[in-house]
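S.K.: model this:
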Amino acid sequence: MSKTFSYRRKEVVQGKPSAGEFKARWPAVFHVDEATSDVNIKREAILKALCIHLGEDDGHLIREYMDIEGGDFIRHLQKSTMGIYVISKEGGEPGHYDDVGIFVEGLILLDNIGSVARACAIMLGVIYTLNLSYPKELRYYYEFIQKVLLKMDGERLSPKVLGLKNKVTLSV
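M.R.: Presented below is the predicted three-dimensional model:
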């Protein structure tokens with residue numbers, strides 16, 4: 001897409017096609033899944049990179065499974081306190097999942113969420129609603145989200161999160 005975008009944009013600006021012509025020529029643009037799949041992949045990459053940059057394992061945030069059998073999947077979730085699970089088919093396209101959901105204490109609370117980014121946002125709401133503590137494996141990740149991005153109780157930051165906040169602030 002990045003290689004053809006400027007050419008297509010030039011075509012749209014110079015040719016000024018009507019909405020009907022535009023839709024007939026590029027129908028994928030008008031499918032929400034197609035239009036947002038690249039964005040969702042980038043959002044997921046950013047969320048994982050945030051974990052990694054803060055020295056935390058992104059596998060604690062997002063548990064990825066391929067064509068999982070029901071019993072094995074549930075047993076594996078029961079070993080973890082909370083997180084986001086993603087089920088995809090082997091050989092499937094990146095960012096296109098069969099299911100994205102949230103589990104807490106081995107129980108699936110929400111499924112078919114649609115994207116990892118949306119699941120991360122909803123996970124914050126689940127933690128708040130159930131009055132849960134952040135998982136210690138993702139302490140800095142959630143601290144950064146809460147105190148820096150959401151600006152809630154942001155006066156006192158751990159040195160790791162403060163360092164990242166300063167780097168982000170300087171580059172903006």
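S.K.: tell me the centre residue of this structure?
M.R.: residue 117 (2.4 Å; Cα atoms, centre = their mean).
S.K.: Quick one: residues contacting it.
M.R.: 40, 43-44, 47 (Cβ atoms under 8 Å, 6 or more residues apart in numbering). Where you see a C-beta, it was placed from the backbone N, CA and C, and this is true even at glycine.
S.K.: which is the next helix or strand following the helix or strand where residue 139 lies?
M.R.: Here residue 139 sits within helix 139-143, counting by DSSP states H and E. On the C-terminal side of helix 139-143, the closest following helix or strand by DSSP H and E is helix 159-171.
S.K.: Check which residues of that following helix are buried.
M.R.: 160-162, 164-165 (16 or more other Cβ atoms under 10 Å).
S.K.: cool, and stretch 59-76?
M.R.: Buried residues in stretch 59-76, counted by 16+ other Cβ under 10 Å: 60-63, 65, 68, 73.
S.K.: Equivalent analysis for stretch 106-114, please.
M.R.: Quick answer for stretch 106-114 (16+ other Cβ under 10 Å): 110, 113.
S.K.: quick one: that stretch to chain centroid distance?
M.R.: Put simply, stretch 106-114 sits 14 Å off its chain's centre (Cα atoms, centre = their mean, to the nearest Å).
S.K.: How about stretch 96-114?
M.R.: On Cα atoms, centre = their mean, the centre of stretch 96-114 falls 13 Å from the chain's centre.
S.K.: C-alpha coordinates for that stretch, PDB please?
M.R.: The C-alpha atoms that make up stretch 96-114 are tabulated as PDB, following Å, rounded to 0.1, in the frame of the first residue of the first chain:
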ATOM      1  CA  HIS A  96      -6.700 -11.300  11.400                       C
ATOM      2  CA  TYR A  97      -7.700 -13.400  14.300                       C
ATOM      3  CA  ASP A  98     -10.400 -16.000  14.900                       C
ATOM      4  CA  ASP A  99     -10.900 -14.600  18.400                       C
ATOM      5  CA  VAL A 100      -9.500 -12.000  20.700                       C
ATOM      6  CA  GLY A 101     -10.700 -12.000  24.300                       C
ATOM      7  CA  ILE A 102     -10.000 -11.200  27.900                       C
ATOM      8  CA  PHE A 103      -9.500 -13.700  30.700                       C
ATOM      9  CA  VAL A 104      -9.300 -13.300  34.500                       C
ATOM     10  CA  GLU A 105      -8.500 -16.100  36.900                       C
ATOM     11  CA  GLY A 106      -8.800 -18.700  34.200                       C
ATOM     12  CA  LEU A 107     -12.300 -17.500  33.200                       C
ATOM     13  CA  ILE A 108     -13.000 -15.900  29.800                       C
ATOM     14  CA  LEU A 109     -14.800 -12.700  30.600                       C
ATOM     15  CA  LEU A 110     -15.100 -11.300  27.100                       C
ATOM     16  CA  ASP A 111     -14.500 -12.800  23.700                       C
ATOM     17  CA  ASN A 112     -14.800 -11.700  20.000                       C
ATOM     18  CA  ILE A 113     -13.500  -8.300  20.900                       C
ATOM     19  CA  GLY A 114     -12.100  -7.800  17.400                       C
END
